[in-house]
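Visitor: Mind folding the following:
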Amino acid sequence: MEDQNKNLILATVLSLAVIVGWTYFFAPEPPVVDPNAPVSEQVASPAAPNIAPTPSATASATAVASASEAATESELATAPRVAINTDSLEGSISLLGGRVDDLLLKDYKETLANDSPDVRLLAPVGATELNAAKPYYAVYGWLPAGGLDPALLPGARTLWTLESGDTLAPGKPVTLVWDNGAGLVFHRTISIDDKYLFTVEQAVQNNTGAAVRLAPYGIVARHGQPDTQNFYVLHEGAVRMSDGKLEETKYKDIAKLDPVEGEGQAEVINVAANGWTGFTDKYWMTTLAPKSGQPFTSVIKYSASANIYQTEARLPVMEVAPGANASVATMLFSGAKEWETIKNYENNPGWFSRMLGDKYDPNQPQILGFVDSIDWGWFYFFTKPMFWLLHALHGLIGNMGLAIIALTFIIKMLVFPLARKSYISMAKMKELQPEMEKLKEKAGDDRAKQQKEMMELYKREKVNPASGCLPMFIQIPIFFSLYKVIFVTIELRHAPFFGWLRDLSAPDPSSILNLFGLLPYATPDASSFLHTFSLGVLPILLGVSMWFQQKLNPAPTDPAQKMIFAWMPWVFMFMLGKFASGLVLYWICNNTITFIQQYTIMSLHGKRPDIFGNIIGGRKAAAVPKK
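Guide: Numbering: from 1, shown residues only. As a prediction, this is how the structure comes out:
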């Protein structure tokens with residue numbers, strides 16, 4: 001039994017080592033910039049959208065001096081708007097710059113309170129009444145090439161005219177128009193689906209007597225660093241896909257980018273065929289996505305003077321002949337990172353999805369690799385299938401808590417063959433305990449001889465003393481994967497279980513300090529020292545389940561081991577007590593199933609655990625005074 005206990009302690013230590021190693025040594029590598037990457041043609045870099053560039057010219061192409069920040073806010077406040085109204089979104093588009101800068105998510109509330117407002121994703125400049133939201137928006141324009149005067153092109157402060165449509169809705173696009181008065185007429189047609197995908201078609205009509213060269217672009221801009229959770233397992237910041245390569249850059253790293261000539265602090269790459277770029281939060285995202293097969297230049301940059309973070313998608317230069325038209329369509333995703341929705345936009349079923357009957361739909365948009373915008377982490381080969389299974393179970397059962405319990409049963413069934421071997425080996429170890437004690441007495445202080453004879457005993461009886469660690473090692477990647485799934489996927493956000501558990505992505509809100517709501521006292525605030533001892537029902541059940549599982553075996557005789565084992569359930573109770581309640585629910589179910597499996601298998605092999613005796617024996621051992 002002593003060797004078995006040592007193995008369990010070793011497994012625990014190794015588990016902590018894996019946690020530390022995973023935290024500190026498996027962070028994503030920073031993306032590498034190829035300074036020699038080719039560009040389609042040299043064009044001017046678009047200015048930060050709120051640092052007003054030179055406005056569009058009059059018929060004589062006379063430039064107007066740039067406006068101040070206050071003037072820009074005033075212009076935005078008075079500019080006409082076009083309403084957005086779908087089943088999922090509500091907001092508006094400002095005709096100043098044609099920017100999408102006002103967006104609410106109808107299906108999501110800020111909190112669980114009945115009067116909670118909808119989640120605000122995008123916010124215009126100067127709208128201080130919108131819960132102090134920092135400006136966050138998408139804006140489009142054209143860059144000059146071939147010597148074209150920038151003043152002839154629409155930009156961030158161009159005042160567009162609504163040509164057709166009144167409210168942007170599914171099946172009801174709106175078209176904006178701007179005539180520069182010098183022979184170029186620009187149109188911008190914006191359409192939207194029933195979820196979160198905008199399609200923006202930029203068109204130019206050349207009524208001049210000469211060819212013009214220009215390049216369309218899109219920008220997503222954030223003023224100041226947003227409030228982030230700043231948690232090591234979660235990425236918040238810029239995210240982009242470039243020809244199959246996913247790159248993630250945190251805000252603090254964007255602000256540290258090296259200067260690039262003509263760009264400022266930036267990172268510029270050329271995408272050959274498929275990619276997208278934008279900003280991601282824990283549950284929300286705003287992303288520019290050129291059509292599949294469209295090459296473009298992806299830019300992540302930071303304006304230190306204005307404290308603006310930007311991601312840009314610049315399309316290749318277009319040459320428009322006299323009397324000709326040219327247009328290009330790109331997509332803008334701005335909404336919740338729902339797996340089902342994003343998977344539909346990816347429209348690229350893998351072998352497993354094809355096996356289930358999913359096929360490529362040519363009528364649907366295709367944003368390759370879009371599912372990877374969800375932060376699956378470095379263990380994505382575990383987290384992706386685990387989420388898929390949890391999502392499928394939730395669809396069948398209709399309750400996320402019950403789906404987690406069902407997932408626990410399925411996982412335990414899958415690993416049962418290994419667990420069975422482990423439990424059988426543990427039962428055999430108990431059978432060999434008398435012989436092991438005799439070997440220790442016979443060897444005396446000769447540790448080498450004792451180890452040699454024990455190894456011969458193990459070999460003769462076909463027992464692997466290390467097999468008891470297998471269930472622990474199996475649980476490590478499963479635990480990390482499920483933790484990641486519960487922490488980052490929006491499907492767990494505000495997902496109720498039963499009773500007081502209304503959000504499985506948050507810690508258990510009940511508290512032993514007010515007898516779980518029986519006393520008329522509020523739960524201690526998170527900033528209070530008492531909050532450390534504010535354990536809920538689930539954490540306490542976790543500690544009890546671990547304690548009972550521990551009592552399947554007698555307490556170790558070694559004092560140090562005995563102390564570690566005595567404290568372990570309660571230490572884990574406090575450690576995991578502040579984790580998401582969905583994860584704690586999984587751990588309780590896992591402990592309970594493990595207890596039943598181990599008790600049954602050991603009983604079938606003639607070594608039924610003496611749980612009551614182990615409890616009493618542990619108390620008696622604890623009561624023996626030191627000599």
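Visitor: Show me this structure divided up by domain.
Guide: Following automatic domain parsing, the chain resolves into domains at 2-24+380-623, 43-337.
Visitor: looking at these, which is buried most?
Guide: domain 43-337 (a mean of 18; mean count of other Cβ atoms under 10 Å). For every residue, glycine as well, the C-beta is placed using N, CA and C.
Visitor: any chance of the domains of the chain in TSV, plus mean pLDDT?
Guide: Formatted as TSV, the domains of the chain follow (pLDDT from 0 to 100):
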stretch	mean pLDDT
domain 2-24+380-623	75
domain 43-337	87
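Visitor: out of the ones you listed, which comes closest to Phe370?
Guide: domain 43-337 (6.8 Å; Cβ to Cβ).
Visitor: From the chain's centroid, how far away is the closest one?
Guide: 23 Å (Cα atoms, centre = their mean, to the nearest Å).
Visitor: for stretch 560-576, same thing?
Guide: Remark: stretch 560-576 is offset 31 Å from the chain centroid, using Cα atoms, centre = their mean.
Visitor: any idea how far Ser292 is from Thr280?
Guide: The gap separating Ser292 from Thr280 is 20 Å, by Cβ to Cβ, to the nearest Å.
Visitor: Redo the domains of the chain as JSON lines? Include distance to Asn347.
Guide: Listed next are these as JSON lines, based on distance: least, Cβ to Cβ, whole Å:
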{"stretch": "domain 2-24+380-623", "distance to Asn347": "17"}
{"stretch": "domain 43-337", "distance to Asn347": "9"}
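Visitor: So which of these is nearest Asn363?
Guide: Distance to Asn363, taken as Cβ to Cβ, is lowest for domain 43-337 among the domains of the chain, at 11.5 Å.
Visitor: Can you classify the spatially most central residue of the chain by secondary structure?
Guide: Centroid-nearest residue in the chain, with Cα atoms, centre = their mean: Asp375, separated by 3.4 Å. Asp375 falls in the coil class when you classify it by DSSP: H, G, I helix; E, B strand; the rest coil.
Visitor: what sits against it?
Guide: By Cβ atoms under 8 Å, 6 or more residues apart in numbering, the contact set of Asp375 is 234-235, 248, 280, 484, 488.
Visitor: out of these, who's nearest Thr199?
Guide: Nearest member of these to Thr199, counting by Cβ to Cβ, is Thr280, at 20.6 Å.
Visitor: Okay, and the residue nearest to that closest one when sequence neighbours are not counted sits in which element?
Guide: Spatial nearest neighbour of Thr280, chain neighbours left out: Val239 (4.5 Å); criterion: Cβ to Cβ, 6 or more residues apart in numbering. Applying DSSP states H and E as the criterion places Val239 in strand 237-242.
Visitor: Show me what that strand is in contact with.
Guide: 228, 246-251, 253-254, 269, 271, 274-280, 285, 287, 298, 300, 309, 311, 368-370, 372-373.
Visitor: Distance of Asp270 relative to Met455?
Guide: One correction, residue 270 is Asn, not Asp. Counting by Cβ to Cβ - Asn270 and Met455 are separated by 61 Å.
Visitor: Please name the residues that touch the residue lying closest to Phe498 once chain neighbours are set aside.
Guide: Closest residue to Phe498 apart from its sequence neighbours, by Cβ to Cβ, 6+ apart: Gly401 at 6.7 Å. Contacts for Gly401 (Cβ under 8 Å, 6+ apart) come out as 495-498, 501, 504, 582, 585.
Visitor: does the residue in the chain sticking out farthest from the centre belong to a helix or a strand, and which?
Guide: Outermost residue of the chain with respect to the C-alpha centroid, by Cα atoms, centre = their mean, is Lys442; its distance is 58.3 Å. Counting by DSSP H and E, the element that carries Lys442 is helix 433-443.
Visitor: got it, and Arg213?
Guide: With DSSP H and E as criterion, Arg213 is part of strand 212-223.
Visitor: which helices and strands sit right next to that strand?
Guide: For strand 212-223, the packing partners by 3 or more Cβ pairs under 8 Å, 6 or more residues apart in numbering; DSSP states H and E come out as strand 136-145, strand 197-206, strand 275-280, strand 284-290, strand 308-314, strand 318-320, strand 325-336.
Visitor: Kindly recompute the last result at 7 Å.
Guide: strand 136-145, strand 197-206, strand 275-280, strand 284-290, strand 308-314, strand 318-320 (3 or more Cβ pairs under 7 Å, 6 or more residues apart in numbering; DSSP states H and E).
Visitor: so who does Val320 touch?
Guide: Residues near Val320 by Cβ atoms under 7 Å, 6 or more residues apart in numbering: 204, 206, 211-212, 326.
Visitor: Kindly report the same for Arg188.
Guide: 98, 140, 160, 176, 200, 202.
Visitor: which one of those residues is nearest Gly543?
Guide: Val200 (54.2 Å).
Visitor: returning to that earlier point: for Leu393, find the nearest of the helices and strands packed on strand 212-223.
Guide: With Cβ to Cβ as the measure, strand 284-290 is the member of the helices and strands packed on strand 212-223 nearest Leu393 (25.1 Å).
Visitor: Pull the residues that contact that closest one.
Guide: 121-122, 138, 218, 220, 276-279, 296, 311, 313, 315, 330-337, 367, 373.
Visitor: try stretch 583-598
Guide: By Cβ under 7 Å, 6+ apart, the list of residues contacting stretch 583-598 reads 401, 404-405, 408-409, 412, 419, 423, 471, 482-483, 486, 508, 538-539, 541-542, 545-546, 548-549, 552, 576.
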